[in-house]
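1. Take a look and give me a structure for this.
(chains A and B)
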Amino acid sequence: MPATGVRFPLGVVSVQKHRRTMISAELARAFERIADLLEIDGADRFRINSYRRASRTLDDTSEDLAELAAQGSLTSLPGIGKGTAQRIQQYIDTGHIDVLDELEARLPDGLPGLLQIPGLGPKKVALVYEKLNVTGIDALREVIDSGELAALPGFGAASVQKIADGIAFLESSSGRTPLGIALPIAEDIAERVGKLKGVKQVEIAGSLRRGAETIGDIDILCTASNGKRIIDQFSAFDGVKRILTQGATKGSVTVEIDRRSELQIDLRVVPRDSFGAALQYFTGSKEHNVRLREIAVRKKWRLNEYGLFDGDTCIAGRREEDIYKKLGLPCVPPELREDRGEFEPDARFDDLVTLKDIRGDLHMHTTASDGRCTIEEMALAAKARGYQYIAICDHSKSATIANGLSIARMEKHIAAVKAANDKIAGITILAGTEVDILPDGTLDYPEDLLAKCDWVVASIHLAMGKSASRKMSPTQRTLAAMENRYVSMIGHPTGRLINTREPMDLDMAAVVEAAARTKTMLEISAGWQRLDLKDTHIRQAIAAGVTVGINTDGHHTGSLDQTRFGVTTARRGGATKKDVINCCTLATLRKRIGRKQN
DNA sequence: GCCGTTTTCGGCCCGACTGTTTTCAGTCG
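-> Numbers count the residues shown, from 1 in each chain, chains lettered A, B, ... in the order given. Prediction:
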């Protein structure tokens, strides 16, 4: 690595910064593994929780751990005390953590993986290891088949079947389900629950309500007098693949989302006076709720899914906002309930961006490159949504697979966009481009052509992967593009596709710093496959004073529906409407473009 | 292992469901 650094001085900075994000991620994984192993080992649960909390902090942080360690201020991070700080220091110095080494010497590699199987927790994992020497899924399958598992104390036929089903479920599920797949399913189920006789209120809760980019399962709540009947009817819904639990207040089923994978849906029936408390409780996150209950305990109250209680008296429960109010807190928007600072005394939520604040879309494709609709069709669809402006940003010449426009075609395309703008009243159509950032860091169009555009988004599509022989890293290419005065925004900065393609190896801290310095905006690509920037990156960008944009990168008129996912993600990043360029008027937008160019 | 509007020690969120129990432990969210 140093050799590359010598040849390309910028690379040294990049490699060092890259290393720092890697250290956080590696340590987060190491602490998570320590927690899993301790749990199987039967350690104190609060100690286990401490490691999990530390892991989460390290996952979220954009701080330079080595620098904090050098200053002796690692303990300023939440959940990092003296002991954890020492372990972080040890890892920075040696690449090892004693606690982990010791646990791994005693417990086989495959045990933490067994915790992923639904129905199998730490106690049972420990038991099958001790009694049957099961160290992984294959060995577990063998003892199920041989009948040895069912002979263990505490394992009856039903338990064994549940574990076998759990293995099947684990292997059939593709991990977490993207927001854009899960939400329509949840909305459909919630609508059907709402139509059942006796059901009064229905809400989607859980990570879906918080707008997480991927979700583990769907949580739905309703109120009704006869819970058992509702759960029975729910379990019998069309499309239900398997029934996992079927009680008097809770039902749990799976549905198929494609031929290979299933998604779990939980329905809970709660009393009407508890609906707000239940909604709060089941929206989570778990970490947010723990903090909330601690606040209640400090006031000598008790908070659970039935309400906020002073002794036996319920003092709030019917409405969610009453619970926060009683606790002396503003009602935290669901998207921010992650225990990432929402309990700070100066936290404000009033101005978070909403869907109705969006006045335009600054990244749309047409039939000129790889879109499916014309300039006019896209403009009319945007106008129908009440938008004031859009920017047509077709691909540049190197994007051959996307029918990118040659210089000559681009010249004509600009004229066509301007003609459409003259023709259609009530919306302004900006002539833009999504110009490729080439592997050498230059742009795919010459300056004089970019100067003719109203709006320029620059994106990386080529050579996204790692290659030792590549002269410029994605970070260096992005930084180089931001130096161009015509580049107003970087499109889908990391290039990730959720569950499909890993993000590029991008040093976000460096990109954010350069974006602030060069007055370049960063895109939140709103399609549920991208959501790029993601929530934590948005938080970083906004903290640095960078303006973001919520664009669909739409390839047909229906793409405009995706804007809601971008807005949700922006809210998770704490974006207010003043942080989002396409909440501005056209006049302000033009001013902002000019501010960089001049 | 962390942490402090009661605290530097002694707490640390809370309940449903399931299965295997004969009063409860394990798992899950």
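
2. Any buried residues in stretch A:274-291, and which?
-> Across stretch A:274-291, burial judged by 16 or more other CB atoms under 10 Å covers A:274-285, A:288-289. C-beta coordinates here come from the backbone N, C-alpha and C atoms, glycine included.

3. ok, and of those, which contact DNA strand B?
-> Contacts with DNA strand B within the buried residues of stretch A:274-291, as defined by CB under 7 Å from any atom of the strand: A:Phe282, A:Asn289.

4. Which of the buried residues of stretch A:274-291 fall within helices?
-> When these are checked against helices (DSSP state H), the matches are A:Phe275, A:Gly276, A:Ala277, A:Ala278, A:Leu279, A:Gln280, A:Tyr281, A:Phe282, A:Thr283, A:His288, A:Asn289.

5. farthest pair in the residues you listed?
-> A:Phe275 and A:His288 (18.6 Å; CB to CB).

6. Farthest from the middle of chain A: give me that residue.
-> Most distant from the centre of chain A: A:Ala151, at 42.8 Å, with distances by CA atoms, centre = their mean.

7. how close does the residue of chain A found nearest DNA strand B sit to A:Glu130?
-> Residue nearest to DNA strand B within chain A (CB to the nearest atom of the strand): A:Gly156, separated by 1.6 Å. Distance of A:Gly156 to A:Glu130, given as CB to CB, to the nearest Å: 19 Å.

8. again, but for A:Asp266
-> For A:Asp266 relative to A:Glu130 (CB to CB), the value is 32 Å.

9. For the residue of chain A closest to DNA strand B, which non-adjacent residue is spatially closest?
-> A:Ala150 (6.9 Å; CB to CB, 6 or more residues apart in numbering).

10. Can you tell me the SS state at the one you found?
-> Using DSSP: H, G, I helix; E, B strand; the rest coil, the structure places A:Ala150 in helix.

11. How about the contacts made by the residue sitting nearest the centre point of chain A?
-> Note on chain A: the residue nearest the mean C-alpha position is A:Glu213, at 3.5 Å, using CA atoms, centre = their mean. Residues near A:Glu213 by CB atoms under 8 Å, 6 or more residues apart in numbering: A:Pro178, A:Leu179, A:Ile498, A:Trp528, A:Leu531, A:Lys534, A:Asp535, A:Thr569.

12. Strands of the stretch 101-250 of chain A, start to end?
-> A:177-178, A:202-205, A:214-215, A:217-223, A:240-246, A:250-256 (DSSP state E, counting those that start in this stretch).

13. same thing with the stretch 351-500 of chain A?
-> A:360-364, A:389-395, A:428-436, A:455-459, A:489-490.

14. Just the pLDDT at the residue nearest to A:Met410 when sequence neighbours are not counted, thanks.
-> Nearest-residue entry for A:Met410: A:Leu449, 6.3 Å, with adjacent residues in sequence omitted and distances by CB to CB, 6+ apart. In the predicted model, A:Leu449 carries a pLDDT score of 95.

15. Number of residues surrounding A:Leu449?
-> 19 (other CB atoms under 10 Å).

16. and if you look at A:Gln540?
-> There are 19 residues near A:Gln540, going by other CB under 10 Å.
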